[in-house]
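Provided below for reference: sequence and predicted model.
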Amino acid sequence: MNHSVLLTDLYQLTMADAYYQSGKAEDEAVFHLYFRKPPFKGGYALACGLERAAEFLENFRFSSEEISYLSRLTGADGKRLFSEDFLDAMAELKFTCDVDAVEEGTPVFANEPLIRVRGPISQCQLIETPLLNFVNFETLIATKASRLREAVKDDQLLEFGMRRAQGPDGAMAASRAAYVGGADATSNVLAGMKFGIPVKGTHAHSWVMSFDTEREAFEAYARAMPHNSVFLVDTYDTLDGVRRATEMAKIIEEKGHRLGGIRLDSGDLAYLSIEARKILDQAGLNDAKIVASNDLNENIIESLKAQGARIDVWGVGTQLATAYDQPALGGVYKLAAIREKGGDWEHRLKLSEQAVKVSTPGILGVRRYFDGQTYAGDLIYDELSGIDEPATLVDPADFTRRKPVSTFEFEELLVPIFRDGSRVYQSPGAEAARRRARTELLKFHASIRRFMNPHEYPVGFDARLHTLKTELILKARGLAQP
Ligand SMILES: Nc1ncnc2c1ncn2[C@@H]1O[C@H](COP(=O)(O)OP(=O)(O)OP(=O)(O)O)[C@@H](O)[C@H]1O
Ligand SMILES: O=P(O)(O)OC[C@H]1O[C@H](OP(=O)(O)OP(=O)(O)O)[C@H](O)[C@@H]1O
Ligand SMILES: O=C(O)c1cccnc1
């Protein structure tokens, strides 16, 4: 899916023009994309959206039609909004940035750069909005799916959300991200074809309603789809429907198949699934699956399991595809360092009344330390300052809390994606990202995956970065020590 370079906010283009006019367009800058709080009051997020971001950047060039459109835009005085020099430069523009990013399916935490962009400030600026658009949404949905995966445990999780998703593009991105996060399949056929996601489904109430009786509907379905025979049993009376479904086993077996199962879509799903299981088992259909749907989310699933529900397959639509309880991830993209051509790097920081909103200066990297059993903590450091050895995590919220990590193995979370505008990383695809999410999440202590009051995984600054940031905050507030 390729997107136009005009998929950006107007102010990115007006700033880019102004950078050209100020002679700063080629100044080198570093921006980081990160979020300040994990979504859903959870303990982590699952990085997603890089594949689409990389595709977008790879095709980052202005067409003559796009330049012509921009040349027709006018400002408040009715004169052309964009300067001719800027539009000429855009017509010739080649993406030349270095981009480093966390791979899709990697668990990530507040304030860690998910993407780092380094290059001419005008280019860094133009790509801010689309990068945030791709990463915020897909990371949000992948995280939601991973919470659902946590709730369903080893059961099957099906994503049924297209009908309630935020438009067709939202549905496509949601199906992909849900798969990365832990869904086993989607009902979205186009997502199946485009992203290689398994597609699965049952049938709707309309099938049953289109016949005079439920029996006729089930018989016709059993004959037509003996190899895909999950019957929706709640159109009239759920447990009667289950009994009727068991009567289809004969037709299905005559065709050389086994009854797939039933789907419950209303009522008390704990009670009904327990009763349905008894009916299926009594009919010798122990292998028939019970599918449940109806506005499910991770908390309802956890509760249903605690109630002893006998559900094998969970169909989740609206709450997954729309991230119902938190419709946006608040990822931001902030300037952290800049240098004029041939000059030295200067750190940059944005102040805020709220300490958590003060941005972090530098060319940041993240090291994830492993103590042999679980991940022990992440170290955010500034490549310009170097790491203060022995490596120690300094809690940004309380500098007296420190955790030594130098004896542990570590990996760098940011990997090169573009060098000088050329793509050096091929996305391994949704399937590989999904596997990564599964294996990586299990390397953290389970308490970070808890829904209620999850454990806060240690993410600290390197001591030099902590000192640098403190000094820059004091300086910006006019409080610097002489
Ligand atoms: N045993 C249960 N414990 C907790 N939540 C449940 C249980 N059974 C069903 N639910 C959930 O309660 C909600 C019930 O919603 P609602 O009242 O709209 O459904 P319904 O009346 O059973 O069916 P519908 O309105 O779709 O015909 C759904 O989110 C469903 O997943
Ligand atoms: O509940 P969700 O998690 O979004 O899952 C998808 C829902 O879509 C279908 O319902 P339908 O469109 O027929 O509407 P209804 O069942 O809500 O009436 C299906 O029967 C599920 O209930
Ligand atoms: O296949 C299903 O059962 C299905 C698909 C989409 C939405 N709800 C249910």
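Ah, there it is. Ligands and ions are numbered 1, 2, ... in the order given.

Quick check: residues of the stretch 201-350 of the chain near ligand 3?
Listed as neighbours of ligand 3 in the stretch 201-350 of the chain under the rule CB under 6 Å from any ligand atom: 201-202, 263, 293, 315, 317. Quick note: C-beta positions are derived from backbone N, CA and C, even for glycine.

okay if I get these as TSV plus distance to Thr470 and pLDDT?
As requested, those are exported to TSV (distance: CB to CB, whole Å; pLDDT from 0 to 100):
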residue	distance to Thr470	pLDDT
Gly201	56	98
Thr202	58	98
Arg263	58	98
Ser293	52	98
Gly315	51	99
Gly317	47	98
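
Mind checking which of the residues you listed are buried?
In those, burial by neighbour count holds for 201-202, 263, 293, 315, 317, counting by 16 or more other CB atoms under 10 Å.

Surely Glu471 touches Ala480?
Yes - contact criterion CB atoms under 8 Å: Glu471 and Ala480 qualify, at 6.9 Å.

more neighbours, these two?
Just comparing Glu471 and Ala480: by other CB atoms under 10 Å the higher neighbour count belongs to Glu471, 16 against 11.

element containing that one, please.
helix 463-476 (DSSP states H and E).

what's that helix in contact with?
347, 349, 351, 358, 360-362, 364, 380-382, 385-388, 392, 394, 396, 399, 461, 480-481 (CB atoms under 8 Å, 6 or more residues apart in numbering).

Please repeat the previous calculation with a cut-off of 6 Å.
By CB atoms under 6 Å, 6 or more residues apart in numbering, the surrounding residues in contact with helix 463-476 are 349, 351, 361, 381-382, 385, 388, 392, 394, 399, 480.

Please apply the same query to stretch 13-28.
By CB under 6 Å, 6+ apart, stretch 13-28 touches 82-83, 86, 89, 120-122, 125-126, 338-341.

Same check on stretch 167-178?
48, 137-138, 141-142, 145, 159, 161-162, 165, 186, 188, 191, 195, 320-321, 430.

from the residues you listed, which would you call buried?
Of these, these count as buried by 16+ other CB under 10 Å: 48, 137-138, 141-142, 145, 159, 161-162, 165, 186, 188, 191, 195, 320-321, 430.

Which helix in the protein has the most residues?
In the chain, with assignment by DSSP state H, the single longest helix is helix 128-152.

Buried residues, the helix holding Glu471. List them.
463-466, 468-469, 471-473.

Serialize the residues you listed to a markdown table and add fields for distance to Arg149 and pLDDT.
What follows is the buried residues of helix 463-476, written out as a markdown table (distance: CB to CB, whole Å; pLDDT from 0 to 100):
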| residue | distance to Arg149 | pLDDT |
| --- | --- | --- |
| Ala463 | 37 | 97 |
| Arg464 | 38 | 98 |
| Leu465 | 34 | 98 |
| His466 | 35 | 97 |
| Leu468 | 39 | 96 |
| Lys469 | 36 | 96 |
| Glu471 | 43 | 94 |
| Leu472 | 41 | 95 |
| Ile473 | 40 | 93 |
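
Packing partners of the longest helix of the chain?
Contacts defined by 3 or more CB pairs under 6 Å, 6 or more residues apart in numbering; DSSP states H and E place helix 128-152 against strand 45-46, helix 50-58, helix 167-181, helix 298-306.

got a list of what the residue of the stretch 1-150 of the chain found nearest ligand 3 touches?
Of all residues in the stretch 1-150 of the chain, Leu148 sits closest to ligand 3, at 15.2 Å by CB to the nearest ligand atom. Residues counted as contacts of Leu148 (CB under 6 Å, 6+ apart) are 157, 298, 316.

most surrounded residue in those?
Val316 leads the contacts of Leu148 on contacts (other CB under 10 Å) with 28 neighbours.

and ligand 2, which of the contacts of Leu148 contact it?
Checking the contacts of Leu148 against ligand 2 (CB under 6 Å from any ligand atom), the matches are Val316.

Throw the contacts of Leu148 into TSV and include distance to ligand 1 and pLDDT, thanks.
Formatted as TSV, the contacts of Leu148 follow (distance: CB to the nearest ligand atom, whole Å; pLDDT from 0 to 100):
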residue	distance to ligand 1	pLDDT
Leu157	14	99
Glu298	12	98
Val316	10	99
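
and of the contacts of Leu148, the nearest to Gly421?
Leu157 (39.1 Å; CB to CB).

Assumed that closest one was part of a strand.
Yes - assessed by DSSP: H, G, I helix; E, B strand; the rest coil, Leu157 belongs to a strand.

who's it bridged to?
Trp314 (DSSP bridges).

give me the residue from the stretch 301-450 of the chain nearest ligand 1.
Ser303 (4.9 Å).

Next up, the contacts around that residue.
Ser303 neighbours (CB under 6 Å, 6+ apart): none.

So it versus Asn59, what's the distance?
46 Å (CB to CB, to the nearest Å).

what's the answer for Met172, then?
18 Å.

same deal with Asp100?
Counting by CB to CB, the gap from Asp100 to Asn59 is 20 Å.

Looking at the two, which is more packed in?
Asp100 (23 against 12).

where's Tyr457, which helix or strand?
With DSSP H and E as the test, Tyr457 turns up in no helix or strand.

which non-adjacent residue is nearest it?
Ile448 (5.0 Å; CB to CB, 6 or more residues apart in numbering).

where along the stretch 201-350 of the chain do the helices fall?
205-209, 214-224, 238-246, 249-254, 269-282, 298-306, 318-321 (DSSP state H, counting those that start in this stretch).

Highest mean neighbour count out of those helices?
With neighbours defined as mean count of other CB atoms under 10 Å, these peak in mean count at helix 318-321, which reaches a mean of 23.

and that one, anywhere near ligand 2?
Yes - judged by CB under 6 Å from any ligand atom, helix 318-321 and ligand 2 are in contact via 318-319.

what is the rounded mean pLDDT of that helix?
Helix 318-321 shows a mean pLDDT of 98.

Tell me the gap between that helix and the middle of its chain.
13 Å (CA atoms, centre = their mean, to the nearest Å).

Check which helices and strands that helix is in contact with.
Counting by 3+ CB pairs under 6 Å, 6+ apart, helix 318-321 packs on no helix or strand.

tell me the pLDDT at the closest residue to Ile251 other than its chain neighbours?
By the measure of CB to CB, 6+ apart, the closest residue to Ile251 outside its immediate chain neighbours is Ala222, 4.3 Å from it. pLDDT, Ala222: 98.

was I right about Ala222 contacting Ile252?
Yes - Ala222 lies in contact with Ile252 (CB atoms under 6 Å); the separation is 5.3 Å.

what sits in contact with each of the two?
Ser229.

mind listing what whichever residue of the stretch 351-482 of the chain sits closest to ligand 3 touches?
Across the stretch 351-482 of the chain, no residue is closer to ligand 3 than Ala430, which sits at 19.5 Å (CB to the nearest ligand atom). By CB under 6 Å, 6+ apart, the residues touching Ala430 are 176, 179-180, 195.

if you set the cut-off to 8 Å instead, what comes out?
Ala430 touches 51, 104, 176, 179-180, 195-197, counting by CB under 8 Å, 6+ apart.

nearest spatial neighbour of the closest residue to ligand 2 within the chain, skipping sequence neighbours?
When scored by CB to the nearest ligand atom, the chain has Gly317 as its residue closest to ligand 2, at 2.8 Å. Distance criterion CB to CB, 6+ apart; nearest residue to Gly317, sequence neighbours excluded, is Phe160 at 3.8 Å.
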